[in-house]
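> Sharing a model that was predicted from the sequence below.
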Amino acid sequence: MKALITGASSGIGREMAKELASRGWDLIIVARRTAKLEQLKAELTSVNVKCISCDVSKEEECLRLYEETKDDNIDMLINNAGFGAFGYFDEVPLERDLSLVDTNIRAVHILTKLYLRDFVKRDSGYILNTGSIAGFMIGPLLSSYYSSKHYVVTLTEAIYEELRRKKSNVKVSVLCPGPVDTEFNDVAKVKFAIKGHTAEYVAKYAVKKALKGKLLIIPGVLTRLGIFGARFLPRKLLSRLLYRVQKLKM
């Protein structure tokens, strides 16, 4: 079995690579930071690991990645690359927002479509997209990030239903964690107001549930309760409450 993981140089992606390697999966690990990938490869000596330096925020790089790996008999695609940008929407630089959209949305869309076509043809395979609890919420001060994760969640849900209608054996899942202790905080220039799960815990939980074909993968009881409770709040009230939460991250 072989998995391709984007955003594998750190955080959840790195831990997913380690978890799959412990299960005997060969890996194609993808990120911009080649040195980090090579370091991870050196740790995973029990399986075959291929490193690919790729900036998935660029469409041509996503297409290159697919062309370079389409004949590698990939069994699982994990779209994990992504980041956040904290601040008032009118104050965050436009180029930062567009890079976020390209990474969190366009790359996920492109790679999911390309590899899904191959999986459907052979009637097997797994796709795991990294979403967030943010995909079910409203995100003042992290508006672009929350919106991007909403796209990832709903896209995955829609594909799941399409595959079910086709009676396909291909499985799609979306990981929706709450706060996780990763480099996300530094990139977004925030700190979480509450203690998050470790990336190792989230990765192990996600891989286990994805291989069982679960659609929504939500680690932690409090995260599941938060998503459930948000459904019953008026949208304006939810937005006001989440603004207060986001302010605590400053």
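Nice, I can see it. All of these numbers come straight from a predicted model, not from anything done at the bench.
> give me every residue that touches Asp123.
Taking CB atoms under 8 Å, 6 or more residues apart in numbering, we find Asp123 in contact with 168-170. For the C-beta atoms, the positions are set from N, CA and C on the backbone; glycine is no exception.
> Surely Ser239 touches Ser143?
No. Ser239 is beyond contact range of Ser143, at 10.2 Å (criterion: CB atoms under 8 Å).
> out of those two, which sits in the more crowded spot?
Ser143 (18 against 14; other CB atoms under 10 Å).
> This structure: strands as residue ranges?
2-6, 26-31, 49-53, 76-79, 126-130, 171-175, 180-181, 197-198, 216-217 (DSSP state E).
> Including mean pLDDT and distance to Glu60, could these go into CSV?
Below are the strands of the chain laid out as CSV (pLDDT from 0 to 100; distance: least, CB to CB, whole Å):
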stretch, mean pLDDT, distance to Glu60
strand 2-6, 98, 15
strand 26-31, 98, 15
strand 49-53, 98, 14
strand 76-79, 98, 17
strand 126-130, 98, 21
strand 171-175, 98, 25
strand 180-181, 82, 30
strand 197-198, 91, 35
strand 216-217, 98, 31
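> could you point out where this protein is predicted with low confidence?
182-195, 250 (pLDDT under 70).
> Provide the partner residues of Ser53 in its beta bridges.
Beta-bridge pairing for Ser53 (DSSP bridges): Ala31.
> Check the spacing between it and Glu38 real quick.
As defined by CB to CB, to the nearest Å, Ser53 lies at a distance of 10 Å from Glu38.
> mind listing what the residue nearest to the spatial centre of the chain touches?
When CA atoms, centre = their mean is applied to the chain, the residue found nearest the centroid is Thr130 (2.0 Å). Shown in contact with Thr130 (CB under 8 Å, 6+ apart): 7, 12-13, 78-80, 82, 152, 174-175.
> Bridged to it, which residues?
Beta-bridge partners of Thr130, counted by DSSP bridges, are Leu175.
> now the helices: where do they sit in the chain?
Counting by DSSP state H, the chain has these helices, from start to end: 11-22, 34-43, 59-69, 94-101, 107-122, 143-165, 184-188, 199-211, 221-230, 235-247.
> Ser99: what's its closest spatial neighbour, skipping adjacent residues?
Ser57 (5.4 Å; CB to CB, 6 or more residues apart in numbering).
> okay, now the one you found: neighbour count?
20.
> try the one 4 residues further on
For Glu61, the number of neighbouring residues by other CB under 10 Å comes to 18.
> List the residues that contact it.
54-55.
> Pro93: neighbouring residues, count only.
10.
> Residues contacting stretch 14-28, please?
Residues contacting stretch 14-28 (CB under 8 Å, 6+ apart): 1-5, 8, 29, 40, 43-44, 46-50, 52, 69, 72, 74-76, 78, 80, 199-200, 202-204, 206-207.
> Residues touching stretch 89-100, excluding its own?
Contacts to stretch 89-100, defined as CB under 8 Å, 6+ apart, come from residues 57, 83-86, 143-145, 148.
> Format those residues as CSV; extra columns: distance to Ala134.
Formatted as CSV, those follow (distance: CB to CB, whole Å):
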residue, distance to Ala134
Ser57, 19
Phe83, 12
Gly84, 8
Ala85, 12
Phe86, 12
Ser143, 10
Ser144, 11
Tyr145, 6
Ser148, 8
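> By neighbours, which of those wins?
Counting neighbours by other CB under 10 Å, Ser148 leads the contacts of stretch 89-100 with 29 neighbours.
> which residues touch it?
82, 100-101, 104-105.
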